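# A predicted structure for the sequence below; I have some questions about it.
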Amino acid sequence: MSTVTTDCLLYTRHSAEGVAEITFNRPTCMNALNLDMAAAFAEAATAAANDPKVRVLVLTGRGTSFMSGGDIHAFHKLLSAPAAERRDHIARLIDFTHQAVTALRRMEKPVIAGIHGTAAGPGIGITLACDLVVASDRAVFQMAYGPLGTTPEAGATHALPRLVGSRRAAELALLDRRLTALEALELGIVNRICPAPMLAEETRCVARKLACGAANASGRTKRLLYLSLEHNFQQQLAAERETFLSAIDSGEFAEGITAFVERRKPFFGKC
């Protein structure tokens, strides 16, 4: 196991399992996102995407929340700064955040979020950029932009209408509706709910299951699912054909087929 620690983020790679974890680490302020955390997040997400030993990435937060939003106190200090300095600071914060969520979406490996406490502001966009979401029964979700006089970022306005529909997305964004974990489950924002004390283990269980599977096939399946949002039907059929044909020359395909014929569980290298 290797760990990279900063004042605001932990990046841990469990080499034996093929699982990496990004942990937001500003528990005293409910993991509010500031410039340093955004930069560290972008670096860690890019590292996980480019590391062939990482088969699954997990996102969590220390303390009482996943991410409570942007760092309002830092924003308040910027109000007294010159306009150009304020704009540059916020632009860099957004750019790092967008670099991170882009890495989450584009990496050909599953990304799982374990959500406890509050996921608000950029925490919503980050949650939506993950492929699977396990939530504590105490989790709450809120856009939280309108009351601050600003607009959503971190990809939320792209992912949310596609996930819940345009009407519900408008309600969540414009009326700043606060969702419980159960409501988020019903809307499809989270995949499953578990009791708060079991969240870490439940999230790791999902990660281990994916890490034991065919990593390349999982990554390609993820890519196909997101391409479907951009393709017409014929384009998607062509992408499916190309992806399937690229898989049949792989060791994963040979192992999966052989294991089925031999009536045993396939071994893809991690379990």
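Good, I have the coordinates.
# which helix or strand contains residue 75?
helix 72-78 (DSSP states H and E).
# hey, C-alpha coordinates of that helix in PDB?
Listed next in PDB are the C-alpha coordinates belonging to helix 72-78 (Å, rounded to 0.1, in the frame of the first residue of the first chain):
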ATOM      1  CA  ILE A  72     -17.300  30.100   1.400                       C
ATOM      2  CA  HIS A  73     -14.800  31.700   3.800                       C
ATOM      3  CA  ALA A  74     -12.100  31.700   1.100                       C
ATOM      4  CA  PHE A  75     -14.600  33.300  -1.300                       C
ATOM      5  CA  HIS A  76     -15.500  36.000   1.200                       C
ATOM      6  CA  LYS A  77     -11.800  37.000   1.600                       C
ATOM      7  CA  LEU A  78     -11.700  37.300  -2.200                       C
END
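# which other helices and strands contact that helix?
Counting by 3 or more Cβ pairs under 8 Å, 6 or more residues apart in numbering; DSSP states H and E, the packing neighbours recorded for helix 72-78 are helix 83-106. Every residue, glycine included, has its C-beta placed from N, CA and C.
# lowest-pLDDT helix or strand in the protein?
strand 2-5 (a mean of 72; mean pLDDT, DSSP states H and E).
# in the stretch 101-250 of the chain, which spans are strands?
Here the stretch 101-250 of the chain has its strands, by DSSP state E, counting those that start in this stretch, at 111-115, 118-120, 132-136, 140-142, 179-180, 192-194.
# residue 211: which of the ones you listed is closest?
strand 111-115 (10.4 Å; Cβ to Cβ).
# angle of that closest one against strand 132-136?
Using axes from the mean of the first three to the mean of the last three Cα atoms, to 10 degrees, the inter-axis angle of strand 111-115 relative to strand 132-136 is 10 degrees.
# how about residues contacting strand 111-115?
56-60, 66, 104, 126-127, 129-136, 139, 141, 181, 190, 199-200, 202-203, 206-207, 210 (Cβ atoms under 8 Å, 6 or more residues apart in numbering).
# per-residue pLDDT of the residue nearest to residue 148 when sequence neighbours are not counted, please?
Distances taken as Cβ to Cβ, 6 or more residues apart in numbering put residue 72 closest to residue 148, at 7.5 Å, once the chain neighbours are dropped. At residue 72, the pLDDT value in this model is 94.
# so where's the stretch 151-271 of the chain uncertain?
270-271 (pLDDT under 70).
# so where's the stretch 1-150 of the chain shaky on pLDDT?
1-2.
# repeat the analysis, applying 90 as the threshold.
1-7, 14-17 (pLDDT under 90).
# residue 141 is in contact with residue 124, isn't it?
Yes: with contact defined as Cβ atoms under 8 Å, residue 141 reaches residue 124; the gap is 6.2 Å.
# sorry, back to before: from residue 237, how far off is the residue nearest to residue 148?
From residue 72 across to residue 237, the span is 48 Å (Cβ to Cβ, to the nearest Å).
# more neighbours: which of the two?
residue 72 (14 against 11; other Cβ atoms under 10 Å).
# circling back: restricting to C-alpha, output the least confident helix or strand of the chain in PDB.
C-alpha atoms of strand 2-5 as PDB (Å, rounded to 0.1, in the frame of the first residue of the first chain):
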ATOM      1  CA  SER A   2       1.300   3.500  -0.800                       C
ATOM      2  CA  THR A   3      -0.200   6.800   0.400                       C
ATOM      3  CA  VAL A   4       0.400  10.400  -0.700                       C
ATOM      4  CA  THR A   5      -0.800  12.800   2.000                       C
END
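# outside of that strand, which residues touch it?
10-13, 15, 25, 44.
# among the residues you listed, who's most crowded?
With neighbours taken as other Cβ under 10 Å, the top of those is residue 44, carrying 25 neighbours.
# neighbouring contacts of the helix or strand where it lies?
According to DSSP H and E, residue 44 maps onto helix 35-50. Residues outside helix 35-50 that contact it (Cβ under 8 Å, 6+ apart): 4, 6-9, 11, 13, 20, 22, 24, 26, 31, 33, 54, 57, 74, 89, 92-93, 96-97, 99-101, 103-104, 106-107, 109.
# kindly report the same for stretch 67-81.
24, 29-35, 61, 85-86, 89-90, 93, 117-123, 126, 144, 148.
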